[in-house]
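Asks: kindly generate the corresponding structure for this input.
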Amino acid sequence: MRTLNAVLLASAVFLLARPSVAQSRITALPSVALGGAAEDWHVEPWLAADPGDPRRLFAAAITLGPSEHPRQAVVAFASRDGGETWLSSRAVDREDRVFPGGDPGLVVLSDGSVILSTGSSDGTVRVWRSDDGLRYERLPDVPGGAWDRPFLIEAPARGDGGARLLASGKLPARLSFGPELDGRSIDSTDVLGLAVSGDSGRSWDGPRLVIPDPHYHLINSVGSPVVAANGALLRPYFAFPASGLRDGLVIGDLWLDGTRTSAPARVGERKVWANRGNLRLAMMGLAVGGLAVDRSDGPHRGRLYACWLTLRDSRYQVVLARSDDHGTTWSEPSVVNDDASAAHHANPGLAVSSSGTVGVLWNDRRVRPDSPCFETRFAASLDGGATFLPSVTLSMEAACPPPGADDPARPFRFLNGGDTQGLVGLRGDAFMAVWVGAGEGAGKPWAVRASRLTVER
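Replies: Residues are numbered from 1 along each chain as shown. Predicted structure coming up:
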């Protein structure tokens, strides 16, 4: 009996000490504007943090210029105080504070330097380097010619070699695999590319090409890569089968040396309306797949998460899947957005904090389900992605596209807000989000804003 009492007492102490998920909540600090011209429209934000100093944050986004004078460039920003204040960046060889191109990417290298990349209409990937994120010097372009939505990542040192900078994305190609299905030839129109730099972007090798499964004729929306806990480089991409417009989110497992490739692992299904059926809805549902790894010392250390957008119950919803074997097998996807409306959500972003808390950011239309206007919402999970706390909105008001942008025949390319979100996990249960919200000028052009988020246990 004495032993039983001791066990019951110990269990009671454990339950009292254990944080209650029911009492946990998300706190969002008031957002701050990063800058940029008030009359410009901003989309597709991206964010990077210095792992050695979380006060050093670096952001970028596409700027489209005034709606009556459209142009496309990239603006970049840096914060030295954890996101409370931001300064605009510039290239040392340019007078203005914009970088040519679009599709921005940022990565903080192990030596503390910052690499910024931008894509261009002809597929050229331009690269810049900075020590402080404020003044960038131009580096050689990534070879390959016609990249689509490239991302940069640093691969940790392996063996006697040092860390390497990798550029990953999609490249156009037309490959014929012969009569594979029903006696007809199958053609593929894309391949995955990987370029490697061993000197922080000052020179490049590659690109090395990954040939797709012949049963898929189109690779679309290549996402940002991550390095898994076992050292493998993983890249998410959507592949559309030759047999019809249904696709799975497929993980290409590339080893860090770039010479060995394992079979892609299917994570889950993504459904999207065909452009011919409803171009407006298709544009609202554009998004790339997101990956994140739990690098904490918690119970889910090494767990891999994938987040994407798919049609469920006839509307676009945000879903999440989990893998505990470095991406070989995956859980059934679960819905993250916590509404029962008829709204089409868009553009999810994913990150994991140092404590193992999972955060998801997306553009949400529950307030106005019949409108392309959206608010940005954030949800967090304390149990490894099994359940999520009630989401919170970061927006003071809805962000609405420019007049005429919702034309069903020729909708605004960025009805979803872009293909990326800016979200990084910080120390403890904190996150930093960089997102697109309504601005303050006439017509409310979309502005880049930053919010610090904390999960209170």
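
Asks: neighbours of the residue nearest to residue 400 when sequence neighbours are not counted, how many?
Replies: Once flanking residues are discounted, residue 400 sits nearest to residue 373: 4.0 Å by Cβ to Cβ, 6 or more residues apart in numbering. Quick note: C-beta positions are derived from backbone N, CA and C, even for glycine. Around residue 373 there are 19 other residues, counting by other Cβ atoms under 10 Å.

Asks: list the contacts of residue 373.
Replies: Contacts for residue 373 were tallied using Cβ atoms under 8 Å, 6 or more residues apart in numbering; they are 365, 398, 399, 400, 401.

Asks: against residue 395, how distant is it?
Replies: Taking Cβ to Cβ, to the nearest Å as the measure, residue 373 falls 10 Å from residue 395.

Asks: and the strands in the stretch 1-150 of the chain?
Replies: Taking DSSP state E, counting those that start in this stretch as the test, the strands found in the stretch 1-150 of the chain are 25-28, 32-33, 42-50, 53-63, 73-79, 87-88, 90-91, 99-100, 102-108, 114-119, 125-130, 135-142, 148-155.

Asks: nearest to residue 229, out of the ones you listed?
Replies: strand 148-155 (13.7 Å; Cβ to Cβ).

Asks: and the gap between residue 197 and residue 163?
Replies: For residue 197, the distance to residue 163 under the criterion Cβ to Cβ works out to 10 Å.

Asks: more neighbours, those two?
Replies: With neighbours defined as other Cβ under 10 Å, residue 197 and residue 163 compare such that residue 197 has more, 22 against 15.

Asks: wait, the more buried one touches residue 203, no?
Replies: Yes: in this structure, residue 197 is within contact of residue 203 by Cβ atoms under 8 Å, at 6.3 Å.

Asks: how about low-confidence regions in the stretch 51-200 of the chain?
Replies: Within the stretch 51-200 of the chain, the stretches falling below the threshold (pLDDT under 70) are 67-70, 158-161, 174-188.

Asks: not including adjacent chain positions, what is the nearest residue to residue 226?
Replies: If the residues on either side of it in the chain are set aside, residue 226 comes closest to residue 291, at 4.5 Å by Cβ to Cβ, 6+ apart.

Asks: should've said residue 202
Replies: Of all residues not flanking residue 202 in the chain, residue 139 sits nearest, at 6.0 Å (Cβ to Cβ, 6+ apart).

Asks: strands along the stretch 251-400 of the chain, start to end?
Replies: Counting by DSSP E, counting those that start in this stretch, the segments of the stretch 251-400 of the chain that form strands are 265-270, 290-293, 304-312, 315-323, 334-335, 346-352, 358-364, 375-381, 392-393.

Asks: in JSON lines: these, plus distance to residue 116 and mean neighbour count.
Replies: Conversion of these to JSON lines gives the following (distance: least, Cβ to Cβ, whole Å; neighbours: other Cβ atoms under 10 Å):
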{"stretch": "strand 265-270", "distance to residue 116": "29", "mean neighbour count": "20"}
{"stretch": "strand 290-293", "distance to residue 116": "20", "mean neighbour count": "24"}
{"stretch": "strand 304-312", "distance to residue 116": "24", "mean neighbour count": "24"}
{"stretch": "strand 315-323", "distance to residue 116": "28", "mean neighbour count": "23"}
{"stretch": "strand 334-335", "distance to residue 116": "34", "mean neighbour count": "16"}
{"stretch": "strand 346-352", "distance to residue 116": "19", "mean neighbour count": "27"}
{"stretch": "strand 358-364", "distance to residue 116": "21", "mean neighbour count": "29"}
{"stretch": "strand 375-381", "distance to residue 116": "23", "mean neighbour count": "24"}
{"stretch": "strand 392-393", "distance to residue 116": "30", "mean neighbour count": "15"}
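
Asks: report pLDDT for residue 236.
Replies: In this model, residue 236 is scored at 85, pLDDT.

Asks: if the residue nearest to residue 323 when sequence neighbours are not counted is in a bridge, with which residues?
Replies: Spatial nearest neighbour of residue 323, chain neighbours left out: residue 304 (4.4 Å); criterion: Cβ to Cβ, 6+ apart. Per DSSP bridges, residues listed as beta-bridge partners of residue 304: residue 293, residue 323.
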